[in-house]
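Chemist: Provided below are the primary sequence and the corresponding predicted coordinates.
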Amino acid sequence: MTVPPSQPPPAPTRRTVRRGSVDIAFWTSGPAEAPPILLLHPVGLDHHAFDEVAERVVDRFRLVIPDLRGHGETRADAAEMGLPAMARDVLAVLDAFASADAYGPDRPVHLVGHSMGGVVAALIAASAPRRFASLHLVATPAEGGPVFRERGQAALRSGMTGVVDSTLRRWFTQESLTAGVPGVDYARERVLAMAPDVWAAAWNSLAGFPGFGEIGPRLPRTYCVSAGQDVSTPPSVLAQIADAVPTSVARHVVPGAGHLLTLERPAAVASLLADDWELSGQPAGGMGELA
Ligand SMILES: O=C(O)CCC(=O)CC(=O)O
């Protein structure tokens, strides 16, 4: 059972690591000796997507949360966007974190990716599975496709104001939209802040994701997490992923939430993640690299 701490935790420490012309911003928080957790946000958002989950687990885990390239404080041009580049950025973040925190392969990382962040997480984990104690794929698409490319093209035609409402309707339950929960305002603000060509480039790259057929067998211990009312990546999509991942150990469904379940049901998400992290065994050891 996860209980929110009574004292507000210290503010996360912001750092950057440079890859090419891109400075990747990331934030660390939590006890230095605690198990490390790396969390990757969905398209259009940033590290704040995990704020409400983080505040519930930061007393027991060491959290590392980057802004993926083209998002938040990690500025990048459309030409620099792409899932493989994001994956290499995250490995650079992990190396910088490992060096600053002086941790080695004896402290493998728990990796969490939400939606597009789940695809990035899967690419990283498949390239270096022994670096990770576990992988949570949260509301992650099973494969790309033309519908994703079209979401980017729509922003090129009508700007972010033209796509924000339909995006929020896919991401949240009607109850959250009607109640105007803070997560809706945050997501709206983030989507409107995206440059249309960067948004389109992110969706374009996601459209080309071939799915879990090749990488699934290379993943570490994997948990698939879906939201009961997600119209984008419903539980059936996460079940499809679990079927392609031989090391899939559990499927969780968070009821009453849409695609952005970390914003709609943070307590439920924090609780299930913390329980899984505490129960996860250690991998065999060793470090790999992204091919
Ligand atoms: O917006 C959707 O319908 C799906 C979102 C998705 O797969 C990418 C993301 O949210 O990161």
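Modeler: Thanks, I have it.

Chemist: Could you list the contact residues of the chain toward the ligand?
Modeler: Residues of the chain that fall close to the ligand, judged by C-beta under 6 Å from any ligand atom: 42-43, 115-116, 141, 170, 232-233, 259. (C-beta placed from N, C-alpha, C; glycine too.)

Chemist: Apart from its chain neighbours, what residue comes closest to the residue of the stretch 151-291 of the chain found nearest the ligand?
Modeler: The ligand sits closest to residue 232 of the stretch 151-291 of the chain, with a gap of 3.1 Å, by C-beta to the nearest ligand atom. Distances taken as C-beta to C-beta, 6 or more residues apart in numbering place residue 259 nearest to residue 232, at 4.6 Å, with adjacent residues excluded.

Chemist: residues in contact with that neighbour?
Modeler: 42, 115, 139, 170-172, 227, 230-233 (C-beta atoms under 8 Å, 6 or more residues apart in numbering).

Chemist: which element is residue 38 on?
Modeler: strand 36-40 (DSSP states H and E).

Chemist: now what about that strand, what contacts it?
Modeler: Against strand 36-40 from outside (C-beta under 8 Å, 6+ apart): 30, 47, 50, 53-54, 57, 61-66, 68, 90, 93-94, 97, 101, 103, 107, 109-114, 117-118, 120-121, 273, 277.

Chemist: what does stretch 119-128 give?
Modeler: Contacts for stretch 119-128 (C-beta under 8 Å, 6+ apart): 38, 40, 68, 83-84, 86-87, 90-91, 111-113, 131-132, 135-137, 140-141, 206, 209, 212, 215, 218-220, 222, 287-291.

Chemist: So which residues of the stretch 151-291 of the chain form helices?
Modeler: Counting by DSSP state H, counting those that start in this stretch, the stretch 151-291 of the chain has these helices, from start to end: 174-179, 182-193, 196-207, 235-244, 261-264, 266-279.

Chemist: got these as TSV, with mean neighbour count and distance to residue 252 columns?
Modeler: Shown next, in TSV, are the helices of the stretch 151-291 of the chain (neighbours: other C-beta atoms under 10 Å; distance: least, C-beta to C-beta, whole Å):
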stretch	mean neighbour count	distance to residue 252
helix 174-179	14	20
helix 182-193	17	19
helix 196-207	22	23
helix 235-244	18	9
helix 261-264	28	10
helix 266-279	19	5
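
Chemist: Can you say which of these is nearest to residue 72?
Modeler: Smallest distance to residue 72 across the helices of the stretch 151-291 of the chain (C-beta to C-beta): 7.7 Å, for helix 182-193.

Chemist: one step back: in ChimeraX, how would I select just the buried ones from the contacts of strand 36-40?
Modeler: Typed into ChimeraX, the next command selects the buried ones out of the contacts of strand 36-40 (criterion: 16 or more other C-beta atoms under 10 Å):
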select :30,47,50,53,54,57,61,62,63,64,65,66,68,90,93,94,97,103,107,109,110,111,112,113,114,117,118,120,121,273,277
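
Chemist: Just the ones in strands from the contacts of strand 36-40, please.
Modeler: Mapping the contacts of strand 36-40 onto strands (DSSP state E) picks out 62-66, 109-114.

Chemist: which of those sit farthest apart?
Modeler: Maximum distance among those (C-beta to C-beta): 18.9 Å, for 62 and 114.

Chemist: Give the rounded mean pLDDT of stretch 167-184.
Modeler: The pLDDT scores in stretch 167-184 average 95.

Chemist: outside of that stretch, which residues touch it?
Modeler: Contacts of stretch 167-184 (C-beta under 8 Å, 6+ apart): 44, 52, 151, 187-188, 191, 229, 231-232, 256-260, 263-264.
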